[in-house]
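Peer 1: Provided below are the primary sequence and the corresponding predicted coordinates.
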Amino acid sequence: MDFRTVGLTENEYKTILRELGRTPNETELRLFGVMWSEHCSYKSTRPLLRLFPTEGRAVVQGPGENAGVVDLGEGFGLAFKVESHNHPSAVEPYQGAATGVGGIIRDILAMGARPVASMDGLFFGDPELRKTKALRQGIVAGIGGYGNAVGVPTVGGKTVYDEAYTENPLVNAFCAGVVRLEDMVRSDTAQPGRLVVLLGAKTGRDGIAGAAFASVELAEDTSASRPQVQIGDPFAEKLLIECCLELLEKGLIDSMQDMGAAGIISSSSEIAAKSDVGMVLDLDRVPLREKGMTPWEIALSESQERMLLIVNPDRMEQVLQVAAKWALDCTVFGETTGDGRYVMKAGGAVVVDLPPAFIGGNAPVIHWPSREPRDLEERQRLEVEELSPPKDLGAVLRSLLEDPNLGSKTWISEQYDSMVQTNTVIGPGGPVSVLRVLRGDSAPVFVAFSMEADPWKCRTDPKGGGAETMARTLRSLSVCGAEPLGWTNCLNFPSPQDPEVFWEMRECVQGMADAARALACPVVSGNVSLYNETPQKKILPTPLVVTAGLLPDLDGFLPWSRWREGDHLFLAGMPNAALGASRYLLRTFGLLRGKVLPFDAGAEQDFTARARRTAKEGAARSARSLAGGGLAVALAKEALESGIGARLDVQIPTRPDVFLFGEGGPRALYAVPPASLPLFRSIWRGAPLTELGVATGNILDVKRGFSLSLAELRDSWRR
């Protein structure tokens, strides 16, 4: 069998020959083809990922396990991670999205945590195209169908539209779970003489080589890829969750791994490598639901709702009893050894004999060439003076509210159960989502999540866009009063073999790393998804970030959209923003161009500290961090959701459209009751602060800007 047919390069194949001292057989070669794929080995991005800060006061488990874990106090932790399921969702929208949700839930479960919240980052093409509508309908239905049935609330997310995603929709699934730190599971705790156990669904051919499929660009005819998409069963997943948590509670298992990408080979070899043990697996003992499966098909199947357990033989009988209680198949199909070899048998013969660490961890790093895009100067060139300001700024605002990227997403969130488990304090639709976390007999705490992505800024100014994406999540958390705990990310890019794409990716990562380090927020987990392109089109550079923050109680939580008659409205932060890659520029002039405001660590640190103090001391009634659409869109959303208008009369320091629609930088819109004005002003003394006007009536009236009724704004926003 030729090594190229399984996706290996000549250099990789020579490395395998040199390490083994022999020619690998077909099964071994196929295993390497998947385990050394981009999706499993991160061979193009390992050096880049080292740029991220990974240590912090709250970090219990950083990158390298199924999910990261941060400390919630009183012996409890929050496990969280985001994963991509992009290619499968493009080929089979419902099942691709559904199994993406199922897979990330099992990643959290594999840490010993009960899954308590999901979020989804969705990126679609032109919303008017029939293909986009079909993909969107299937993906949204798949997320809702799986998440609702499995009983994990979908508490928020982000939805983006751009023609760049027409052939390449992105589905980034996030999950968080709560774990007693003393019960946290790791993959490096196996010892020789333990049993290797498969718990859950039977193994079939669905999803075979799915990890390798996710490491190449999509073909024009995606129908041929459908066998590489897994099929999910949320009701089996619910049983699996409860069974695994009961096994952990009773102390019956030593280690546990999700069988996600690359199935048995990935989960078992990772435990063997990290625990420094050998392993012998008998593939003939794996329960199958299809006849005639070959050893490599069994080893690489990505059939869903399966977990790999490492069990002390003395406890196996109890494990079987718990599995029977939950009506799950539970089969011993191997054992750990002390000889340091990873062996698979089938039909009485050895079909795999490899060093376990070599299977997944030794894929040679690929140093792709990097080149600044030839058209970067053109992308970044923006002379605002050359743009004629629109005469009707009210029409501009209405147009922005009708933009599918800024308008209401209620039709999506209504399809998701956000209240199951009854601990959702604030669900989808706002700048952050908030969850109550129960900690045994101790008082509960509250966790806020913020998800962000801005592919347009990352296209025109990759480093600045990466920093802005990261900083945006922290601004939202700080404005609501939460202390950042850590973050996770999904790096969605086209082929790294294109030198300009690799340059964009490196710059985005550097920008994200700079912002995270400056704001003392470590990364704890993440995912890389490359080759998101077809022969016709590449996606935009799309790093997605989810940051978690801690609220000790709700007394220090500052909500949004709570205006009352007579509240004073303030813009905290610089009054001047940028039009570069803004929604205003794209929507009004059809231009994707311009640089992002440079990341200013000092200004960000000062803003987030003052914002958290404002929330903690109750110095404002309502606040919203500015993002897409700038000040004008924030004013409109606050007015609509509060049910009250505003009268603003402010000396605009620049062009009205720049002031109203510019984006970037640490800025927030505050509503302050008269009694709180002295405290609020004292907190922001010395920082940029602009008094805008007062909340009143049912018209949003901005002198020298626009005057629109709430009814007009609502009509545009819901359209």
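Peer 2: Good, I have the coordinates. Numbering: from 1, shown residues only.
Peer 1: Show me where the stretch 501-650 of the chain has its helices.
Peer 2: Listed in chain order, the helices found in the stretch 501-650 of the chain under DSSP state H, counting those that start in this stretch are 583-589, 601-616, 630-642.
Peer 1: Can you say which of the ones you listed is nearest to residue 113?
Peer 2: For the helices of the stretch 501-650 of the chain, proximity to residue 113 was assessed by C-beta to C-beta; helix 601-616 is nearest, at 26.9 Å. Glycine gets a C-beta too; all of them are placed from N, C-alpha and C.
Peer 1: So which elements touch that closest one?
Peer 2: helix 462-480, helix 499-518, strand 568-572, strand 622-625, strand 668-672, helix 677-683 (3 or more C-beta pairs under 8 Å, 6 or more residues apart in numbering; DSSP states H and E).
Peer 1: what angle separates that helix from strand 668-672?
Peer 2: Angle of helix 601-616 versus strand 668-672, following axes from the mean of the first three to the mean of the last three C-alpha atoms, to 10 degrees, is 30 degrees.
Peer 1: which residues touch the helix or strand containing residue 138?
Peer 2: Using DSSP states H and E, residue 138 sits in helix 130-150. Contacts with helix 130-150, where a contact means C-beta atoms under 8 Å, 6 or more residues apart in numbering, come from 89-90, 92-102, 105, 118, 120, 122, 124-127, 153-154, 161, 166, 169, 171, 173, 232, 234-235, 237-238, 241, 412, 415-417, 420.
Peer 1: can you list the domains in this structure?
Peer 2: By the record's domain assignment, the chain is partitioned as 48-356, 384-424+558-719 (automatic domain parsing).
Peer 1: Among those domains, show the one with the smallest mean pLDDT.
Peer 2: Of all the domains of the chain, mean pLDDT reaches its minimum on domain 48-356 (a mean of 92).
Peer 1: got the contact list for residue 469?
Peer 2: Counted by C-beta under 8 Å, 6+ apart, residue 469 has contacts 452-454, 457-458, 511-512, 543-545.
Peer 1: hmm, 6 Å instead?
Peer 2: Applying C-beta atoms under 6 Å, 6 or more residues apart in numbering to residue 469 gives the contacts 452, 454, 543, 545.
Peer 1: before we move on, the earlier item: turn the helices and strands packed on helix 601-616 into TSV, columns for distance to residue 348.
Peer 2: TSV is the format used below for the helices and strands packed on helix 601-616 (distance: least, C-beta to C-beta, whole Å):
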stretch	distance to residue 348
helix 462-480	54
helix 499-518	47
strand 568-572	72
strand 622-625	64
strand 668-672	68
helix 677-683	75
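Peer 1: Of all those, which one comes closest to residue 557?
Peer 2: Comparing the helices and strands packed on helix 601-616 under C-beta to C-beta, the one sitting nearest is helix 462-480, at 6.0 Å.
Peer 1: Show me what the next helix or strand after that closest one is in contact with.
Peer 2: Toward the C-terminal end, the helix or strand that comes next after helix 462-480 (DSSP H and E) is strand 483-492. With contact meaning C-beta under 6 Å, 6+ apart, strand 483-492 is reached by 58, 70, 80-82, 84, 170, 172, 474, 477, 521-529, 532, 542-550.
Peer 1: what do you get for stretch 48-61?
Peer 2: Outside stretch 48-61, the residues touching it (C-beta under 6 Å, 6+ apart) are 62-63, 68-71, 77, 485, 506, 509, 513, 516-517, 522-524.
Peer 1: Can you say which of those are buried?
Peer 2: Neighbour-count burial (16 or more other C-beta atoms under 10 Å) applied to the contacts of stretch 48-61 gives 62-63, 68-71, 77, 485, 506, 509, 513, 516, 522-524.
Peer 1: that older thread, among the contacts of strand 483-492, which are located in strands?
Peer 2: The strands, defined by DSSP state E, take in 70, 80-82, 84, 170, 172, 523-529, 542-550 from these.
Peer 1: on that earlier part again, is it possible to mark the buried ones in the contacts of helix 130-150?
Peer 2: Buried subset of the contacts of helix 130-150 (neighbour count, 16+ other C-beta under 10 Å): 89-90, 92-102, 105, 118, 120, 122, 124-125, 127, 153-154, 161, 166, 169, 171, 173, 232, 234, 237-238, 241, 412, 416-417, 420.
Peer 1: Mind checking which of the residues you listed land in helices?
Peer 2: 89-90, 93-102, 105, 234, 237-238, 241, 412 (DSSP state H).
Peer 1: thinking again about what came up before, would you point to the one among the helices and strands packed on helix 601-616 that's packed deepest?
Peer 2: helix 462-480 (a mean of 28; mean count of other C-beta atoms under 10 Å).
Peer 1: and the gap between the residue of the chain most remote from its centre and residue 29?
Peer 2: Within the chain, the residue lying farthest from the chain centre (C-alpha atoms, centre = their mean) is residue 348, at 43.4 Å. Distance, residue 348 to residue 29, by C-beta to C-beta, to the nearest Å: 21 Å.
Peer 1: Could you report the separation of the most centrally placed residue in the chain from residue 158?
Peer 2: Geometric centre of the chain, nearest residue: residue 82, 3.6 Å, by C-alpha atoms, centre = their mean. For residue 82, the distance to residue 158 (C-beta to C-beta) stands at 11 Å.
Peer 1: same thing with residue 375?
Peer 2: The value you get for residue 375 to residue 158, if C-beta to C-beta is used, is 28 Å.
Peer 1: These two: which has the busier surroundings?
Peer 2: residue 158 (21 against 10; other C-beta atoms under 10 Å).
Peer 1: Kindly calculate the angle that the helix or strand harbouring that one makes with strand 542-551.
Peer 2: Here residue 158, judged by DSSP H and E, is contained in strand 154-161. Inter-element angle recorded for strand 154-161 and strand 542-551: 150 degrees (by the same axes, to 10 degrees).
Peer 1: Direction included, what does strand 154-161 pair against?
Peer 2: Note on strand 154-161: by DSSP bridges, its sheet partners are strand 114-124 (parallel).
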